[in-house]
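J.: Turn this into a model:
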Amino acid sequence: MAEATATPTASGPKGALGLSRPLPWTPEELTAEWFSSIMEKNIVIATKIMDAIHSTSSKILIELTYAEDQDAGPTKICVKGGFNKAITEQFPELIGAYQVECGFFYHLAPRLSMRIPQSYWSTTDTAGQGLVVMEDLRATGLTFGDILQPWTPHQVKRGLEQLADLHAKTWGAKQEGYPWVHDASGIRPLLLNMFSPDAWKRQFEGPPQTRPPVPERIANRKLIESRFKALWNATDDRFQCIVHGDPHIGNTFITTDGEPGFLDWQGLHIGSAFHDVAFFIVGTLTIKDRRENERNLVSQYLEALHEEGGPRFSVDEVWEEYRMQNFHEIAWALAPSTMQPAENVSAMTLRHCAAIEDHETIDLLQSTPQWQKEWPHL
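T.: Numbers count the residues shown, from 1 in each chain. I've put the predicted structure just below:
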């Protein structure tokens, strides 16, 4: 079951978007009656919550029991959505992100050949909730990427090939072609919230041992905010496509054959392909391996992109964009404990800050016309 089920089904989208009937907002509302209403003709007579994992989104792992006279559907499933009240109150922008993930599984996943969890049902309501009922990968024998265990360059190459499938199939994406990917649920509003004055104070003005390891030159709230805005303004439209948005090692799984796949699609948005490429390469390798292999890995990604039907570029044509997109990864330093454990934040912050300094990303962003016009005094 492990690898075969970690791919989209060929039967097209399954789900219902924009329901007026409220969806569950607590794990206790995931009842047998609710599952019976969505699992086609399979009647669920009992549910048992096996585990609940709360981070940026919540994953509720449930075991289903079916009526004896019914064909059994999936018995071990995962329901993903906005069940964590603490995180949705702190970052209300995430509500829109949960709906975008549903849109991904409903609209886009059936078109892709990359390895992703099998979705049984994707649904949203008009109150803002978004739920994806998917296979419980933990029950299939797959393993999950661990931020504290970097990958080899070969593993990263295989992951980049997966991202190339997504990028190539959506190359040149525009808002009108993907109306379900709306601005309010992209990564930018969340980032703006994360470096608001109050959020910055919580993250950087506490005891020294709790602060993310950000070099002094980078750790300036107003500078980070203005650099992000300069980056968004300078992003090259030639590289625009649908991007995963948050392809760090913790959002991956590995099949029994050692092949990588991607989880957690709530950060999906229209943006630069090199947002994903830089985010994945830098955060998944050790600093040493990244320095020794990243240019070759970018080249291998470009080959895969073209093989999947995307345009052909040389490394030199994309290198400046890659260097600039590195700055997105400073977001790891802004992640509160409600999103990620402190040891994950520290490890990823070290990797990403090293890349920002290696690529002179700050100098590159501060040389852009928008920076020179709006923030020369900073």
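J.: Confirm for me that S346 is in contact with T210.
T.: No. Between S346 and T210 there is no contact under C-beta atoms under 8 Å: 9.9 Å. Placement of C-beta: from N, CA and C, glycine included.
J.: Between those two, which has more neighbouring residues?
T.: Neighbour comparison, S346 and T210: the larger count goes to S346, with 19 against 14 (by other C-beta atoms under 10 Å).
J.: And what about that one, helix, strand or coil?
T.: helix (DSSP: H, G, I helix; E, B strand; the rest coil).
J.: For the closest residue in space to it that isn't next to it in sequence, the count of nearby residues, please.
T.: Leaving aside its sequence neighbours, S346 sits nearest to P213 (C-beta to C-beta, 6 or more residues apart in numbering; 5.9 Å). For P213, the neighbour count with other C-beta under 10 Å is 12.
J.: what about P213, which helix or strand?
T.: Using DSSP states H and E, P213 is not contained in any helix or strand.
J.: Does it touch L350 like I think?
T.: Yes. The pair P213 and L350 passes the contact test of C-beta under 8 Å, sitting 5.6 Å apart.
J.: low-confidence ranges in the chain?
T.: Counting by pLDDT under 70, the chain has low-confidence residues at 1-13, 40-41, 69-71, 182-186, 378.
J.: which stretches of it form helices?
T.: 32-38, 85-90, 93-103, 153-169, 187-194, 197-204, 221-234, 273-284, 287-307, 315-325, 342-358, 361-366, 369-374 (DSSP state H).
J.: export those to JSON lines and tack on distance to C241?
T.: Listed next are the helices of the chain as JSON lines, based on distance: least, C-beta to C-beta, whole Å:
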{"stretch": "helix 32-38", "distance to C241": "31"}
{"stretch": "helix 85-90", "distance to C241": "28"}
{"stretch": "helix 93-103", "distance to C241": "15"}
{"stretch": "helix 153-169", "distance to C241": "5"}
{"stretch": "helix 187-194", "distance to C241": "15"}
{"stretch": "helix 197-204", "distance to C241": "30"}
{"stretch": "helix 221-234", "distance to C241": "16"}
{"stretch": "helix 273-284", "distance to C241": "5"}
{"stretch": "helix 287-307", "distance to C241": "9"}
{"stretch": "helix 315-325", "distance to C241": "13"}
{"stretch": "helix 342-358", "distance to C241": "22"}
{"stretch": "helix 361-366", "distance to C241": "21"}
{"stretch": "helix 369-374", "distance to C241": "23"}
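J.: Show me how the chain divides into domains.
T.: Listed by automatic domain parsing, the domain ranges of the chain are 15-140, 143-374.
J.: Need the winner for burial among the helices of the chain.
T.: Neighbour counts (mean count of other C-beta atoms under 10 Å) averaged over each of the helices of the chain peak at helix 273-284, with a mean of 28.
J.: Outside of it itself, list whatever touches it.
T.: Identification of contacts with helix 273-284 by C-beta atoms under 8 Å, 6 or more residues apart in numbering yields 145, 147, 150-151, 155-156, 159-160, 163, 167, 171, 239-241, 243-249, 290, 294, 297-298, 301, 305, 318, 321-322, 324-326, 328-329, 332, 348, 351-352, 355.
J.: That one: how far from the chain's middle?
T.: 11 Å (C-alpha atoms, centre = their mean, to the nearest Å).
J.: Report the angle between it and helix 221-234.
T.: If you take axes from the mean of the first three to the mean of the last three C-alpha atoms, to 10 degrees, helix 273-284 sits at 130 degrees to helix 221-234.
J.: Dump helix 273-284 to PDB, restricted to CA.
T.: Coordinates of the C-alpha atoms in helix 273-284 are reproduced here as PDB (Å, rounded to 0.1, in the frame of the first residue of the first chain):
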ATOM      1  CA  ALA A 273       9.700  28.700  -9.000                       C
ATOM      2  CA  PHE A 274      12.900  29.600  -7.300                       C
ATOM      3  CA  HIS A 275      11.100  30.300  -4.100                       C
ATOM      4  CA  ASP A 276      10.500  26.600  -3.900                       C
ATOM      5  CA  VAL A 277      13.900  25.600  -5.300                       C
ATOM      6  CA  ALA A 278      15.900  27.800  -2.900                       C
ATOM      7  CA  PHE A 279      13.700  27.000   0.100                       C
ATOM      8  CA  PHE A 280      14.100  23.200  -0.500                       C
ATOM      9  CA  ILE A 281      17.800  23.100  -1.300                       C
ATOM     10  CA  VAL A 282      19.000  25.400   1.500                       C
ATOM     11  CA  GLY A 283      16.800  23.900   4.200                       C
ATOM     12  CA  THR A 284      17.300  20.200   3.400                       C
END
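J.: tilt between that helix and helix 187-194?
T.: Counting by the same axes, to 10 degrees, helix 273-284 points 50 degrees away from the direction of helix 187-194.
J.: Contacts only, for the residue nearest the centre of the chain.
T.: For the chain, the residue nearest the mean C-alpha position is D246 (3.0 Å; C-alpha atoms, centre = their mean). Neighbour list for D246: 187, 264, 266-267, 279 [criterion: C-beta under 8 Å, 6+ apart].
J.: let's see 7 Å
T.: Residues in contact with D246 (C-beta atoms under 7 Å, 6 or more residues apart in numbering) are 264, 267.
J.: How about T75?
T.: Neighbouring residues of T75 by C-beta under 7 Å, 6+ apart: 63-64.
J.: circling back: if I look at the residue nearest to S346, how far off is L17?
T.: Distance, P213 to L17, using C-beta to C-beta, to the nearest Å: 42 Å.
J.: rewinding a little: how near is the residue nearest to the centre of the chain to A199?
T.: Using C-beta to C-beta, D246 is found at 18 Å from A199.
J.: same question, H107
T.: Look at H107 and A199: by C-beta to C-beta, they are 32 Å apart.
J.: Quick check: closest non-adjacent residue to V79.
T.: Nearest to V79 is I60, by C-beta to C-beta, 6+ apart, at 4.6 Å.
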